[in-house]
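Undergrad: Next input, structure requested:
(chains A and B)
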Number of protein chains: 2
Amino acid sequence: MESNSNNKSQKSNDQKSGQSAKPQTAITPTRDQDYPEWYQQVIKAADLAENSATRGCMVIKPWGYAIWEQIQQTLDRKFKETGHVNAYFPLLIPKSFLEQEAAHVDGFAKECAVVTHHRLEASPDGGLVPAGELEEPFIIRPTSETIIGASYAKWVQSYRDLPILINQWANVMRWEMRTRMFLRTAEFLWQEGHTAHSTAKEAVEETMQMLDVYEWFAHEFMAMPVIKGEKTPGEKFPGAVDTYTIEAMMQDGKALQAGTSHFLGQNFAKASGIKFQTQTGTEELAWTTSWGVSTRLIGGLIMTHSDDDGLICPPRLAPKHVVIIPIYRNDEEKASVLEFCKSVKKELESLRYGHDFIRVELDDRDIRGGEKTWQHIKKGTPLRAEVGPRDVASQSLFVARRDKPHKEKSSFSRADFVSGIAATLDSIHDTLFERAKSYRDAKTKVVSDFNEFKSWFTPKNEDKPEIHGGFALCHWSPNPEDQKEINDKLSSLKVSARCIPLDLPKVSGKCIFTGKPTDVRVYFAKNY
Amino acid sequence: MESNSNNKSQKSNDQKSGQSAKPQTAITPTRDQDYPEWYQQVIKAADLAENSATRGCMVIKPWGYAIWEQIQQTLDRKFKETGHVNAYFPLLIPKSFLEQEAAHVDGFAKECAVVTHHRLEASPDGGLVPAGELEEPFIIRPTSETIIGASYAKWVQSYRDLPILINQWANVMRWEMRTRMFLRTAEFLWQEGHTAHSTAKEAVEETMQMLDVYEWFAHEFMAMPVIKGEKTPGEKFPGAVDTYTIEAMMQDGKALQAGTSHFLGQNFAKASGIKFQTQTGTEELAWTTSWGVSTRLIGGLIMTHSDDDGLICPPRLAPKHVVIIPIYRNDEEKASVLEFCKSVKKELESLRYGHDFIRVELDDRDIRGGEKTWQHIKKGTPLRAEVGPRDVASQSLFVARRDKPHKEKSSFSRADFVSGIAATLDSIHDTLFERAKSYRDAKTKVVSDFNEFKSWFTPKNEDKPEIHGGFALCHWSPNPEDQKEINDKLSSLKVSARCIPLDLPKVSGKCIFTGKPTDVRVYFAKNY
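TA: Reported below is the predicted structural model:
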């Protein structure tokens, strides 16, 4: 769409909507002032979620949930295109199941919700107390490898029963001590894929395929650049042979593990007894994988794109692509303005965008124009189109892009706006992706010396302990005997190994922690 | 589509697929032999679900879950069209929340999963034991009025904040003593709508609107005729002012409560403190509703339509509308048959049906034709289309409808089959609906005398205690003082009041239990 920039009209609409009375930024504090608090305030201002009375659990409010629905629909379609089907397994896992896989127990037993009783009864002192103690307690699933493995063990007899390619959309629970909305909550929503195969090769291919799906999703829908890599042994999923991850940089330079795909080898097949008869008649354990992303992605989306005016929702996941805001002073104006707005809405909604149509909100609520506009800025709707009587007269709309400063608006003819909207949304997507990528690249450093590493991760300002360099790419020794020394050094700096990048070539060098020669490089970062 | 009935071809395809070797029915026992066991066997044969290691919880297998996905998509679209948005609230409810509403506690405290600890730790005798006891236990939501009410109390200040129209898709848990797959399981999946309004009138309208949505869905998608009615006081939702229901008859004459919509008055608003300032500045409690359907619908779908050969899936909810089964004897035949099948599949998949496209499975697995055909009969796919070399030569398909006897097949030209498939699916839907309605009407009796009522509900055969008359429509006294006598008589017969039908006129008569004059009539039935 081509803009007919029009300064006069711009000024006049600004006055109408009363934006000049607003402070410099809509979010207080700003990112620079207090990044963690800024994050909470963006969530509040965009009406995405809030804390609940249940410890560590959030309420996902309609706008936040609508983003999750977009995430679900997009991924679900891709999972089905890659041959998976959905199913549903029990929420409660018998304690004995968790005990089957030693590393798995270690990983999850320390923070899980335990169901011990099956009713409440009146106590003599009033109130209700737990009663009906269970013979065996259950835990609320922190992940479902063991309970799903029990089913697969029943379903698989022969190589003909393989592969099994199942995904589950579910809630899970991990009793985290420190929680933060979306990023780390006791209960969260996710999808967990669980597959079983007759060969290691096929299971590894599945693991990598799903990692690629996650990278594709992060790039093409979240506009969030990610590094695809393999976890170091200390950061693997409890019970996995290999864990692969996509890691994104947030605007405070910290890393967010945004999705993981695990090659589980035969560990869980052994624990659950998933055996099959091969073509030659021998009996073998199956090879399994699991992979998942969660509502944490929404935290990543917020921290990647938002600015000091609130959320910037990447267009392909935005619940509404455009909000149309009618502006009028009396009933006569109202009638013609609303008629025009409704007609534009209808026309836009008939246009395909991705697998859906253009999603339009017509906000004709009876509140002040400035307040209304700011609500949509804070909620991150990619496009805002104001329509006043003069716009109707000229058959045009006064349009702002959320990826640009809020005062930058342009007038478009209706025809240009409609015909160009898909390209405009794509352009916003590209801008967000490139901006995030440039930011990440600028805050990523190749570090070849431990002192430099320390300085990169040490806050320069005691008042802002979270401000540090960003990502560091360093040579790292994979030797098991070196890991204690490496991990001690890392934990003293509150830094962790994020991943061994898959898309970088091997280069000879020296481990920055031990000085030993190695060709393995690792991205290090502070992390969520 | 017009059939070119062709007996020669029919015989030949029957031989090819080896159906003659099959027993009379695919499901053992039949409905007549043992209805409850038949139900379990249909679920198994259709691969819908199975019991799990977690007491009372089932695994919903891919075919069963795919039906649930169809149910979800259809209802979700309708909820949004009627102005609702989705959100998500915590799984765990603080015990004190449940205690807020007296009737609600009575209804749910007796069978709920109680979380009392937040970790497991190694015990001295080996194994893990619950540790980290919580100060206040949580219960896994059996329904979410209280936890959602706590949020609404925060969100609502003024009449301008109302109405709130929110739906949640979630899992819930009720520790039922006797469970039966889909119909009554400890954990089940459902949607629960929770709305808050500024007037009683608006809340009642919402309650009735959603009841109508459920009736529409049962009739138009499940092909399951339902009676829309109001619950008698003894059968209301714990804490509701009025409960409305849709009741369906299963093939054993028992009733299934398939969906409920509750007008909660100000009971839960009072318990949760949902108050608002009115336009005149006074403070009032909000009026709330809740409404839900669950995976129980799948039980209703099975018990309404299935026959002694397995599931019959109503077309508009069928995960696949048609399965194409290629039949060939050698590689040369295989190539041409598969090419034809793929081309038909592609053509069908480009046709719209409802809000989706025609959903096609091409089953080219390398298993015997007879076994393959029977799998699809048992899974209830509405249309089966066999294609052999002669069908390719004549550009035709050999088609069977699942609502007709399995040997009844007809040859259709490809063009007729494709152009007629939507009408054929609609015709199957209509047949299923009419068949179920005729069955229900034949097993429903107007009863005006208690002896007749007793005889209607008394099994004639001691070996088959479940076989009885069906539904009875009777005059019933609504007087509170009569309810004990009525309920004693009902429970001795294991019969319950299902609903006061909304679509029947009031007629004067005498209560069959008390002899008192009344114009209220109630449907009675044994029920799931």
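Undergrad: going forward, measure contacts between C-alpha atoms and count neighbours the same way
TA: Will do.
Undergrad: now the strands for the stretch 251-400 of chain A?
TA: Under the criterion DSSP state E, counting those that start in this stretch, the stretch 251-400 of chain A contains strands at A:255-263, A:275-277, A:283-285, A:287-294, A:322-326, A:352-353, A:356-357, A:360-362, A:383-387, A:396-401.
Undergrad: Just the angle for the longest one relative to strand A:287-294, thanks.
TA: This points to strand A:255-263. 150 degrees (axes from the mean of the first three to the mean of the last three Cα atoms, to 10 degrees).
Undergrad: Tell me which other helices or strands strand A:255-263 touches.
TA: The helices and strands touching strand A:255-263, judged by 3 or more Cα pairs under 8 Å, 6 or more residues apart in numbering or on different chains; DSSP states H and E, are helix A:200-220, strand A:242-249, strand A:287-294, helix A:296-305.
Undergrad: where does the residue lying closest to residue A:387 once chain neighbours are set aside land on pLDDT?
TA: Nearest in space to residue A:387, with sequence neighbours left out and distances taken as Cα to Cα, 6 or more residues apart in numbering or on different chains, is residue A:326 at 4.9 Å. For residue A:326, the pLDDT comes out at 97.
Undergrad: So for the longest strand seen in chain A, what gets flagged as buried?
TA: Ranked by residue count and defined by DSSP state E, the top strand of chain A is strand A:128-140. Buried residues in strand A:128-140, counted by 16 or more other Cα atoms under 10 Å in any protein chain shown: A:128, A:129, A:130, A:131, A:132, A:137, A:138, A:139, A:140.
Undergrad: ok, of the residues you listed, which one's closest to chain B?
TA: Distance to chain B across these (Cα to the nearest Cα) is lowest for residue A:130, with 6.7 Å.
Undergrad: Give the full set of residues in contact with the residue nearest to the closest one when sequence neighbours are not counted.
TA: If the residues on either side of it in the chain are set aside, residue A:130 comes closest to residue A:120, at 4.5 Å by Cα to Cα, 6+ apart. By Cα atoms under 8 Å, 6 or more residues apart in numbering or on different chains, the contact list for residue A:120 reads A:128, A:129, A:130, A:131, A:132, B:109, B:110, B:111, B:112, B:114.
Undergrad: now swap in residue A:374 and tell me
TA: Residue A:374 neighbours (Cα under 8 Å, 6+ apart): residue A:26.
Undergrad: That one and residue A:344: what is the separation?
TA: Noted for residue A:374: a distance of 22 Å to residue A:344, by Cα to Cα, to the nearest Å.
Undergrad: Break down the stretch 51-200 of chain A into its helices, ranges please.
TA: A:62-81, A:95-98, A:102-108, A:145-155, A:200-220 (DSSP state H, counting those that start in this stretch).
Undergrad: Those helices: which one's closest to chain B?
TA: Of these, nearest to chain B by Cα to the nearest Cα is helix A:62-81, at 4.8 Å.
Undergrad: what helices or strands is the longest strand of chain A leaning on?
TA: Looks like strand A:128-140 contacts strand A:92-94, helix A:95-98, strand A:114-122 (3+ Cα pairs under 8 Å, 6+ apart).
Undergrad: what's across from residue A:289 in the sheet?
TA: residue A:195, residue A:263 (DSSP bridges).
Undergrad: give me the residue from the stretch 401-528 of chain A nearest chain B.
TA: For the stretch 401-528 of chain A, Cα to the nearest Cα, closest residue to chain B: residue A:528, 22.1 Å.
Undergrad: ok, how many other residues are close to the residue nearest to that residue when sequence neighbours are not counted?
TA: Spatial nearest neighbour of residue A:528, chain neighbours left out: residue A:256 (5.5 Å); criterion: Cα to Cα, 6+ apart. Residue A:256 has 24 neighbouring residues, counting by other Cα atoms under 10 Å in any protein chain shown.
Undergrad: right, and the secondary structure at residue A:487 would be what?
TA: helix (DSSP: H, G, I helix; E, B strand; the rest coil).
Undergrad: Close to chain B: what parts of the stretch 151-300 of chain A are there?
TA: A:151, A:166, A:175, A:187 (Cα under 8 Å from any Cα of the partner chain).
Undergrad: gap between the first one and residue B:50?
TA: In this structure, residue A:151 and residue B:50 are 9 Å apart, going by Cα to Cα.
Undergrad: Wait, a helix at residue A:460?
TA: No - under three-state DSSP, residue A:460 sits outside any helix and is assigned coil.
Undergrad: Pull the contacting residues for it.
TA: Residue A:460 touches A:467, A:468, counting by Cα under 8 Å, 6+ apart.
Undergrad: Surely residue A:312 touches residue A:402?
TA: Yes - if you go by Cα atoms under 8 Å, residue A:312 and residue A:402 touch, sitting 6.4 Å apart.
Undergrad: Find residues that contact each of those two.
TA: With Cα under 8 Å, 6+ apart as the test, residue A:312 and residue A:402 both reach A:377, A:380, A:381, A:382.
Undergrad: could you dump the residues you listed to TSV with distance to chain B?
TA: Putting these into TSV (distance: Cα to the nearest Cα, whole Å) gives the following:
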residue	distance to chain B
A:377	20
A:380	18
A:381	17
A:382	20
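Undergrad: which of the residues you listed tops the neighbour count?
TA: residue A:380 (31 neighbours).
Undergrad: Enumerate every residue touching that one.
TA: A:46, A:310, A:311, A:312, A:313, A:402.
Undergrad: ok, which residues in the stretch 301-450 of chain A are in contact with chain B?
TA: Counting by Cα under 8 Å from any Cα, the stretch 301-450 of chain A has no residue next to chain B.
Undergrad: in the stretch 1-150 of chain A, which segments are predicted with low confidence?
TA: Along the stretch 1-150 of chain A, the parts satisfying pLDDT under 70 run over A:1-23.
Undergrad: switch the cut-off to 90
TA: A:1-24, A:98-107, A:123-127 (pLDDT under 90).
Undergrad: same thing with the stretch 351-500 of chain A?
TA: A:368-369, A:459-467.
Undergrad: Identify the residue nearest the spatially most central residue of chain A in space, chain neighbours excluded?
TA: Among the residues of chain A, the one closest to the centroid is residue A:297, at 0.8 Å (Cα atoms, centre = their mean). Of all residues not flanking residue A:297 in the chain, residue A:258 sits nearest, at 6.0 Å (Cα to Cα, 6+ apart).
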